[in-house]
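K.L.:
Give me coordinates for this.
(2 chains)
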2 protein chains.
Amino acid sequence: MSRYSPSVSKLISELGKLPGIGPRSAQRLAFHILAMPQEEVKGLSDALVNARTSTRFCSVCQNFTDQDPCPICSDPRRDHSTICVVENPRDVSTMERMRDYTGLYHVLHGVFSPLNNVGMEEIKIKELIERLQKFPETKEVIIATNHTADGEATALYLARLIKPAGIKVTRIASGLPMGSNLEFADDVTLSKALQARREF
Amino acid sequence: MSRYSPSVSKLISELGKLPGIGPRSAQRLAFHILAMPQEEVKGLSDALVNARTSTRFCSVCQNFTDQDPCPICSDPRRDHSTICVVENPRDVSTMERMRDYTGLYHVLHGVFSPLNNVGMEEIKIKELIERLQKFPETKEVIIATNHTADGEATALYLARLIKPAGIKVTRIASGLPMGSNLEFADDVTLSKALQARREF
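P.N.:
Residues are numbered from 1 along each chain as shown, chains lettered A, B, ... in the order given. As a prediction, the model looks like this:
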């Protein structure tokens, strides 16, 4: 005899497919959902489907959006000569939270990662190249992929691809985080910070 | 300008209402869901509603079930003279996993908790008392609420309520966990373990 009814087993297995939700969390969430008022469960269920169906990729920057082009790409007050390339939509929110950046974005939806079987054709690189051809006002591409092995490799690859078109390609700086102690910095970060030292 | 489209903001807020899911996890889950194939999102959404609508309380033990009485309460091979009282449906699964217990259950769906505004009438105590009157074959009630202040208070209250009916009321033992070191036991556990010492 299974420990749960079929509909509850199904719910636990569906929840367990989500990232960061293990079997125990899935079970805890499922029991919480069973105890929720029926209207609230309907609300959550509708929110899932509505968000998914009303969201598509912006044809310009490939970010998730419910209007095309997205509000950032269609905002005339933003600097359309600069494109910041990021790995995923969360990174756009992080950059926007800072409020210092007024250019546009390009979302790759991943990085080149041979170990995880993600090739160049699976991320939005082709779309970036086509975009640069379509919008010749682009003067600078800032590559803000993560400072991981895969992020660095993707950054290098993109730089080689874009530079020949005469567009300035930059990389966001790596170094010691603000407020951090030299003592606790890892060797790679420290070495990068030393290499990237600047004159006062 | 909000950082997300209305349907995505709504999804993030609905996910953030779930237990153990903070604003950051809600955002991460939402973006994962936006990137999922549409059929999978539909599957998750349907699983939520189906589990919730097909699940009700067992009229005997108050556990979640899709048939009434639940498979445990209607199993003639189980010992119907013993009822184990637990705080929530997860505890039933934990007990069942052990495979040592063959009696029935009663799920309180909480414990008496004045600090969290949970009164005696909000948990399934009335249903337990009515059940004991309806099923006079009950010989023993094992109280397996957690060994927390609220769990202990509820256990004590239940014992006082049930004992006068001439039913044996027991409490699962507290003590040192198997495989644990005396050195790392907290004082309360150690003191309880000492009090509950048994002769060889």
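K.L.:
Could you use CA atoms for every contact and neighbour count after this?
P.N.:
Will do.
K.L.:
and the longest helix seen in chain A, how far from the chain's centre?
P.N.:
Using DSSP state H, we find that the single longest helix of chain A is helix A:38-54. Offset of helix A:38-54 from its chain centre (C-alpha atoms, centre = their mean, to the nearest Å): 23 Å.
K.L.:
Identify all contacting residues around it.
P.N.:
With contact meaning C-alpha atoms under 8 Å, 6 or more residues apart in numbering or on different chains, helix A:38-54 is reached by A:33, A:66, B:7-8, B:10-11, B:14-15, B:33-34, B:38, B:41-42, B:44-46, B:48-49, B:52-53.
K.L.:
Tell me how confident the model is about it, as a mean pLDDT.
P.N.:
On average, the pLDDT along helix A:38-54 is 95.
K.L.:
Would you double-check that residue A:13 falls in a strand?
P.N.:
No: read with DSSP: H, G, I helix; E, B strand; the rest coil, residue A:13 is helix and lies in no strand.
K.L.:
What number of residues are in the vicinity of it?
P.N.:
Residues near residue A:13, counting by other C-alpha atoms under 10 Å in any protein chain shown, number 18.
K.L.:
now it: how far from chain B?
P.N.:
9 Å (C-alpha to the nearest C-alpha, to the nearest Å).
K.L.:
Disregarding residues adjacent in the polypeptide, which is nearest to that residue?
P.N.:
Nearest residue to residue A:13, sequence neighbours excluded (C-alpha to C-alpha, 6 or more residues apart in numbering or on different chains): residue A:26, at 7.4 Å.
K.L.:
Counting neighbours, which bits of the strand or helix carrying the one you found end up buried?
P.N.:
Residue A:26 belongs to helix A:23-35 when assigned by DSSP states H and E. In terms of neighbour count (16 or more other C-alpha atoms under 10 Å in any protein chain shown), helix A:23-35 has its buried residues at A:25-31, A:33-35.
K.L.:
who touches it?
P.N.:
A:8, A:11-13, A:15-16, A:41, B:18-19, B:48, B:51-52, B:55, B:64, B:89-90.
K.L.:
okay but residue A:107 is in contact with residue A:127, surely?
P.N.:
No: between residue A:107 and residue A:127 there is no contact under C-alpha atoms under 8 Å: 9.7 Å.
K.L.:
ok, the two, which is more surrounded?
P.N.:
Neighbours were counted for residue A:107 and for residue A:127 using other C-alpha under 10 Å; residue A:107 has more, 28 against 17.
K.L.:
quick one: least confident helix or strand in chain A?
P.N.:
helix A:187-195 (a mean of 77; mean pLDDT, DSSP states H and E).
K.L.:
rewinding a little: would you list the buried residues of helix A:23-35 in TSV and tack on pLDDT and distance to residue A:132?
P.N.:
What follows is the buried residues of helix A:23-35, written out as TSV (pLDDT from 0 to 100; distance: C-alpha to C-alpha, whole Å):
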residue	pLDDT	distance to residue A:132
A:25	92	44
A:26	94	44
A:27	91	47
A:28	92	48
A:29	95	45
A:30	95	47
A:31	92	50
A:33	95	47
A:34	94	50
A:35	91	52
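K.L.:
Which member of the residues you listed is positioned nearest chain B?
P.N.:
Comparing the buried residues of helix A:23-35 against chain B with C-alpha to the nearest C-alpha places residue A:34 closest, at 5.1 Å.
K.L.:
what sits against residue A:188?
P.N.:
Counting by C-alpha under 8 Å, 6+ apart, residue A:188 has no contacts.
K.L.:
longest single strand anywhere in chain A?
P.N.:
Counting residues, the longest strand found in chain A (DSSP state E) is strand A:79-86.
K.L.:
Is chain B within reach of that one?
P.N.:
No: using C-alpha under 8 Å from any C-alpha of the partner chain, strand A:79-86 stays clear of chain B, with a minimum separation of 14.6 Å.
K.L.:
in that strand, what counts as buried?
P.N.:
Those would be A:80, A:82-86, for strand A:79-86 by 16+ other C-alpha under 10 Å.
K.L.:
out of everything not next to it in sequence, what's closest to the residue nearest the centre of chain A?
P.N.:
Central residue of chain A (C-alpha atoms, centre = their mean): residue A:88, 1.2 Å from the mean position. Spatial nearest neighbour of residue A:88, excluding adjacent residues (C-alpha to C-alpha, 6+ apart): residue A:109 at 4.8 Å.
K.L.:
Chain B contacts on chain A?
P.N.:
Going by C-alpha under 8 Å from any C-alpha, the residues of chain A near chain B are A:3, A:5, A:7-8, A:10-11, A:14-15, A:18-19, A:27-29, A:31-34, A:38, A:41-55, A:64-66, A:89-90, A:93, A:96.
K.L.:
ChimeraX command for the buried members of these?
P.N.:
Here is the ChimeraX selection string for the buried members of those, based on 16+ other C-alpha under 10 Å:
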select /A:5,7,8,10,11,14,15,18,27,28,29,31,33,34,41,42,44,45,46,47,48,49,50,51,52,54,55,64,65,66,89,90
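K.L.:
now the angle from the host helix or strand of residue A:133 to strand A:79-86?
P.N.:
Assigning secondary structure by DSSP H and E places residue A:133 in helix A:125-134. Counting by axes from the mean of the first three to the mean of the last three C-alpha atoms, to 10 degrees, helix A:125-134 points 170 degrees away from the direction of strand A:79-86.
K.L.:
Residue A:109: what secondary structure?
P.N.:
coil.
K.L.:
what angle separates the longest helix of chain A from helix B:38-54?
P.N.:
Going by the same axes, to 10 degrees, helix A:38-54 makes 170 degrees with helix B:38-54.
K.L.:
Please save the CA atoms from helix A:38-54 in PDB.
P.N.:
The C-alpha trace of helix A:38-54 is given here as PDB (Å, rounded to 0.1, in the frame of the first residue of the first chain):
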ATOM      1  CA  GLN A  38      -9.600  25.600  -1.800                       C
ATOM      2  CA  GLU A  39      -9.800  29.100  -3.300                       C
ATOM      3  CA  GLU A  40      -6.100  29.700  -2.300                       C
ATOM      4  CA  VAL A  41      -5.000  26.500  -4.100                       C
ATOM      5  CA  LYS A  42      -7.000  27.600  -7.100                       C
ATOM      6  CA  GLY A  43      -5.200  31.000  -6.900                       C
ATOM      7  CA  LEU A  44      -1.800  29.500  -6.900                       C
ATOM      8  CA  SER A  45      -2.700  27.100  -9.700                       C
ATOM      9  CA  ASP A  46      -4.100  29.900 -11.800                       C
ATOM     10  CA  ALA A  47      -1.000  32.100 -11.100                       C
ATOM     11  CA  LEU A  48       1.200  29.300 -12.500                       C
ATOM     12  CA  VAL A  49      -0.600  28.900 -15.700                       C
ATOM     13  CA  ASN A  50      -1.300  32.600 -16.300                       C
ATOM     14  CA  ALA A  51       2.300  33.600 -15.700                       C
ATOM     15  CA  ARG A  52       3.500  30.800 -18.000                       C
ATOM     16  CA  THR A  53       1.000  31.500 -20.800                       C
ATOM     17  CA  SER A  54       1.300  35.300 -20.800                       C
END
